[in-house]
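Enquirer: this one's sequence-less:
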């Protein structure tokens with residue numbers, strides 16, 4: 001049982017790396033304890049989602065990206081990377097969506113680069129949220 005718990009240590013470390021480095025949770029300077037709790041709760045959810053997308057991509061890369069991204073998010077990625085005003089009707093695989101998301105965050109996606117990590121996903125996630133919000137405003 002102890003060995004099993006210890007084997008989970010790397011996953012926990014990766015999650016907290018996303019929370020601390022990607023979300024910059026330690027740079028928050030809120031003076032009020034209640035505000036700080038809300039801030040940490042919000043960014044814990046975001047960090048978990050990014051960590052989960054990284055994990056699901058490594059387990060089942062051919063799965064549809066609809067399990068991790070909203071329709072507006074994946075259509076925004078599709079429009080941006082395919083240079084179309086309208087996206088395709090079929091959602092891409094989680095692997096393709098993750099690569100696109102990481103490319104937004106600076107990942108080069110060269111032949112031997114391997115899978116993108118959570119740092120690139122965090123950077124891309126920040127950009128995607130702004131792009132998706134703008135796409136939603138334009139479509140309405």
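Expert: That came in fine, so what should we check first? The model shown is predicted, which means the values in this text are computed figures rather than measured ones. Numbers count the residues shown, from 1 in each chain.
Enquirer: just the element for the residue most central in space within the chain, please.
Expert: With distances taken as CA atoms, centre = their mean, the chain has residue 50 as the residue nearest its mean C-alpha position (3.7 Å). Secondary structure assigned from DSSP states H and E places residue 50 in helix 33-59.
Enquirer: for that helix, the averaged confidence score.
Expert: For helix 33-59, mean pLDDT rounds to 91.
Enquirer: name the residues that touch whichever helix or strand comes after it?
Expert: Where DSSP H and E defines the elements, the next helix or strand beyond helix 33-59 is helix 71-82. By CB atoms under 8 Å, 6 or more residues apart in numbering, the list of residues contacting helix 71-82 from outside reads 65-66, 69, 84-88, 91-92, 97, 100-101, 103-104, 128, 131-132, 135-136. Where C-beta positions appear, they are placed from N, C-alpha and C, glycine not excepted.
Enquirer: what does stretch 49-64 give?
Expert: By CB under 8 Å, 6+ apart, stretch 49-64 touches 11, 14-15, 18, 22, 67-68, 91, 93-95, 98, 101, 115-118, 121-122, 125.
Enquirer: since we're on residue 104, how many residues are nearby?
Expert: Applying other CB atoms under 10 Å, we find 21 other residues in the vicinity of residue 104.
Enquirer: contacts only, for the nearest residue to it once chain neighbours are set aside.
Expert: Excluding the flanking residues, the one nearest residue 104 by CB to CB, 6 or more residues apart in numbering is residue 124, at 3.5 Å. Listed by CB under 8 Å, 6+ apart, the contact set of residue 124 reads 100-107.
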